[in-house]
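Undergrad: got a sequence here, can you model it:
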Amino acid sequence: MVTALTVPAGAAQRFVPLPTWMDSEAEKEESLSDENDEHEKRRKKKESIIRKTTVAYGIVELLKRSKKLDDEEIRVDNFLISVSKNVNPSQRSWADIDSVGMLSSGMWLMIEEPPYFNAMLGGEACYDRILGRFLAVEMKSAPQENVGKPAEAKAAPKNGLNDIHMAGMNALAAVAEESNRCHLFARLLYELYAHEPFPDDAASTKEPAKKRLRSYNEYLMLPPEVASDEGVFEMDTIPFQIPSIVRMQKLGIPASICFMTQNLLEYALRGNGGQSDDAYESLGVVGEDLHLLLLDPNRFLFDHDNQNTGNMKLLYREGKLYGRHKEETLITEAFCRISPGKSEAFFVSGFSGSGKSMLVNCLSDKVNAVGGYVIKHKFDVLCLCPLSGVISAFNKLCLMIKGGDRPVIAKKLMEEFGAGVGLLIRLLPNVSALFPELVSSATKVEAGDVMNARSVSFTLLRFMRVVTSPLFLDDIQWADSTALDVIHTILSDKLNSCMFFVGTYRDNEVQVDHDIFNLMRELETSHVHTTKLSLAGLDQSDLNTMISDALCLYPRICKSLTEIVFQKTKGNPFFVLEFMKSLQSRGLLRYNSLQKRWVWNEDVIRGEEITENVLHLLSSKMNGLSDNVKTLLRVMACYGVKIHALVIGYLSERKEYSGIRNGLEEALGGGFIVKDEEGYFQFVHDKVHEAAYSLISISERKQ
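TA: Here you go, the predicted structure:
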């Protein structure tokens with residue numbers, strides 16, 4: 001029996017039957033045929049998909065909170081939606097659905113976005129990218145019994161075999177009920193997105209469900225041409241095994257929704273032995289997936305039609321720091337503790353590729369956001385004078401100072417150095433370029449004067465009393481005692497300097513007597529607050545999120561692949577990136593254009609003899625490059641982690657290196673090197689530099 005929906009006074013007129021709303025959406029979509037602007041047409045179609053996905057999310061949240069339902073209750077005509085009439089002009093056009101209700105139970109849910117999420121978006125219209133929705137649901141009517149979870153079997157009483165048998169029967173009944181809900185919700189999803197009755201798939205396929213699904217999964221990894229009894233045909237012409245999913249694709253419904261519907265139907269087939277690995281286990285997981293689609297629709301909901309399917313790239317989130325929330329909090333809190341006369345040191349250790357630099361960069365973004373400056377320097381194993389690198393980093397800081405800060409800092413520098421400002425200009429030449437007024441008043445320094453390490457330390461200390469800035473030194477395992485002594489001198493100053501120092505190093509490449517540990521002890525003796533942090537590999541959960549983002553697939557689908565990747569890489573982020581690239585280049589991970597998703601064969605990947613050393617992986621990849629690129633990488637490796645474009649230009653004029661210019665584009669496109677704003681070409685990672693250096697024979701290195 002259908003009962004009336006209980007809603008607040010004055011709100012009833014906002015509710016419309018779901019079928020009526022679906023008709024309205026269909027009319028809007030039909031009217032798009034008259035739209036001449038293709039860009040606008042695509043945008044409006046995407047907005048319609050988001051509205052439907054919002055409705056689907058509300059419905060599944062209602063079903064999760066309902067006790068046993070009849071089949072007739074999980075139908076489109078048993079639901080109402082509330083559409084907001086007073087939409088704020090700055091509000092996005094698809095954010096007008098504010099609640100979903102169920103007629104038969106009298107339940108309804110408010111669908112809301114937290115205020116802070118709207119504030120972050122700022123109400124800006126975005127035509128190139130559809131912004132996502134972070135939704136929360138709130139129950140507005142009394143829930144029924146056993147709300148929030150699918151029906152569960154009661155615990156077996158301890159009074160005999162008959163009770164145990166009954167408990168087993170209850171468990172089977174609970175599974176059957178959840179399976180039926182998944183099947184019915186799949187039908188509802190089809191009708192919501194396709195706007196037509198759900199077809200009867202069971203009558204259209206005579207093969208047993210288990211055989212049909214097995215052949216379907218095996219077909220995913222077939223080569224481009226597959227032989228059949230009738231001859232040879234293209235893989236993209238092979239139809240799906242479930243007719244309703246084929247129909248959804250033909251209607252242009254996003255692949256993410258097609259897979260969701262398919263996985264719901266696969267769960268319903270479990271009784272016939274036809275459940276696949278990707279089948280849903282409950283409607284609770286469906287709700288999580290729908291929420292993900294709404295949170296980042298460009299990545300997970302919409303099809304990636306803008307990419308060439310023959311050259312699809314893994315879509316990693318650039319700058320995203322996975323699994324380091326605790327560490328990010330620690331380094332941020334340490335930075336916030338510094339104050340005049342109170343400096344702080346923060347040491348980050350870990351294997352190469354563990355994400356040490358990424359962690360520090362998250363702090364750099366915060367400093368830059370408030371108009372601050374960050375001094376950065378990466379030590380190089382080939383550098384003969386590490387102290388010169390530190391001085392160079394301070395010299396670059398002078399070029400970062402902009403606008404109104406210049407005259408203020410110039411005045412303070414004069415007060416600090418007075419007639420001795422010439423020593424500062426000699427040590428940091430960029431001071432004269434930024435503050436010409438200092439040059440005219442500077443005392444001339446005799447050309448024969450030599451600045452020793454002690455003088456350098458004291459001059460930089462006085463400079464940092466005026467120009468407060470965080471200092472980030474990467475790979476300090478290659479620094480010497482002189483360079484680290486400068487850091488100790490500045491940090492231990494109790495007068496006015498307040499520097500936040502971050503040093504990263506590879507803990508597997510230093511001995512207990514390394515100068516790094518002497519620096520730590522000296523800082524503690526000088527009462528400088530010191531934090532030591534060690535980074536391990538990502539755990540499987542965080543790694544799965546990373547792989548899910550890259551493949552634009554639901555996290556639950558990626559878990560089995562993540563397990564293999566974790567076993568091979570131990571969760572090392574850089575190794576993971578290179579390992580995934582290797583799988584793609586070898587055809588073990590590829591994009592299926594028919595299904596619009598990445599596919600892989602777990603058994604083949606697990607059985608492959610793939611090196612567990614990222615250096616060997618990179619070296620093998622480089623050996624397959626053209627001669628021009630390999631020559632370029634070998635030459636760059638001799639100069640360290642970076643080389644200026646002018647040097648490459650000079651070398652290319654020599655006969656033996658004439659082809660290195662031609663190798664630049666391939667090396668850049670292959671992700672081995674990047675070009676910075678100062679005109680330097682540098683390796684993207686020190687492991688890439690090491691791999692390039694390994695291309696040079698031992699005899700050539702001695703020349």
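Undergrad: and Ile111, how many neighbours?
TA: 22 (other CB atoms under 10 Å). C-beta: built from backbone N, CA, C; applies to glycine.
Undergrad: do Arg299 as well
TA: Residues near Arg299, counting by other CB under 10 Å, number 20.
Undergrad: how close does the nearest residue to it once chain neighbours are set aside sit to Gly252?
TA: Excluding the flanking residues, the one nearest Arg299 by CB to CB, 6 or more residues apart in numbering is Cys552, at 5.2 Å. To Gly252, Cys552 is 18 Å away according to CB to CB, to the nearest Å.
Undergrad: those two: which has the busier surroundings?
TA: The neighbour count for Cys552 versus Gly252, taken as other CB under 10 Å, is higher for Cys552 (22 against 12).
Undergrad: might one say that that one is in contact with His304?
TA: Yes: Cys552 lies in contact with His304 (CB atoms under 8 Å); the separation is 6.7 Å.
Undergrad: shared neighbours of those two, anything?
TA: Common contacts of Cys552 and His304, defined by CB atoms under 8 Å, 6 or more residues apart in numbering, comprise Leu315.
Undergrad: Leu315 should be in a strand, yeah?
TA: No: according to DSSP: H, G, I helix; E, B strand; the rest coil, Leu315 belongs to no strand; its state is coil.
Undergrad: looking at it now. What's its pLDDT?
TA: What the model reports as pLDDT for Leu315 is 91.
Undergrad: count of residues packed around it?
TA: 14.
Undergrad: so what's Leu363 closest to, chain neighbours aside?
TA: Ile331 (5.5 Å).
Undergrad: so that neighbour is in which element?
TA: helix 325-336 (DSSP states H and E).
Undergrad: and Ile81, that one's in a strand?
TA: Yes: counting by three-state DSSP, one finds Ile81 located in a strand.
Undergrad: quick check: it vs Arg181, distance?
TA: 20 Å.
Undergrad: pretty sure Ile490 contacts Ser497?
TA: Yes: using CB under 8 Å, Ile490 makes contact with Ser497 at a distance of 6.1 Å.
Undergrad: so what sits against both of the two?
TA: Common neighbours of Ile490 and Ser497 (CB under 8 Å, 6+ apart) are Ser343, Leu461, Met464.
Undergrad: closest to Trp108 out of the residues you listed?
TA: Ser343 (57.4 Å; CB to CB).
Undergrad: just the CA atoms of the helix holding Ile331, as PDB, please.
TA: Taking C-alpha atoms only, helix 325-336 is exported to PDB below (Å, rounded to 0.1, in the frame of the first residue of the first chain):
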ATOM      1  CA  HIS A 325      48.400  13.700   5.700                       C
ATOM      2  CA  LYS A 326      50.100  13.100   9.100                       C
ATOM      3  CA  GLU A 327      53.500  14.100   7.700                       C
ATOM      4  CA  GLU A 328      52.100  17.200   6.000                       C
ATOM      5  CA  THR A 329      50.600  18.200   9.300                       C
ATOM      6  CA  LEU A 330      53.900  17.800  11.100                       C
ATOM      7  CA  ILE A 331      55.900  19.900   8.700                       C
ATOM      8  CA  THR A 332      53.200  22.600   8.600                       C
ATOM      9  CA  GLU A 333      53.100  22.800  12.400                       C
ATOM     10  CA  ALA A 334      56.900  23.000  12.600                       C
ATOM     11  CA  PHE A 335      56.900  25.900  10.200                       C
ATOM     12  CA  CYS A 336      54.300  27.700  12.200                       C
END
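Undergrad: now do that helix: everything it contacts.
TA: Contacts for helix 325-336 (CB under 8 Å, 6+ apart): 321, 344, 346, 348, 359-360, 362-363, 366-367, 470, 500, 502, 529, 531, 533, 535.
Undergrad: the same query, at a cut-off of 6 Å, please.
TA: Glu344, Phe346, Leu359, Cys362, Leu363, Phe500, Thr531 (CB atoms under 6 Å, 6 or more residues apart in numbering).
Undergrad: mean confidence score for it?
TA: 92.
Undergrad: buried residues in it?
TA: Glu327, Leu330, Ile331, Ala334, Phe335 (16 or more other CB atoms under 10 Å).
Undergrad: quick check: closest non-adjacent residue to Asp70.
TA: Ser104 (7.9 Å).
Undergrad: my read is that that neighbour contacts Glu73, right?
TA: Yes: judged on CB atoms under 6 Å, Ser104 makes contact with Glu73 at a distance of 4.7 Å.
Undergrad: and the gap between the residue nearest to Arg299 and Leu264?
TA: For Cys552, the distance to Leu264 equals 20 Å [CB to CB].
Undergrad: ok, Lys28 next?
TA: Taken as CB to CB, the span from Lys28 to Leu264 is 27 Å.
Undergrad: the more surrounded of those two?
TA: Leu264 (24 against 14).
Undergrad: which sections of the stretch 151-300 of the chain are below the confidence cut-off?
TA: Confidence mapping of the stretch 151-300 of the chain against pLDDT under 70 gives the ranges 151-175, 201-241, 268-276.
Undergrad: how about the stretch 301-450 of the chain?
TA: For the stretch 301-450 of the chain (pLDDT under 70), the answer is 305-310, 402-404, 434-435, 437-450.
Undergrad: change it to 80
TA: Low-confidence regions of the stretch 301-450 of the chain, defined by pLDDT under 80, span residues 305-311, 339-341, 365-366, 368-372, 382-384, 401-406, 433-450.
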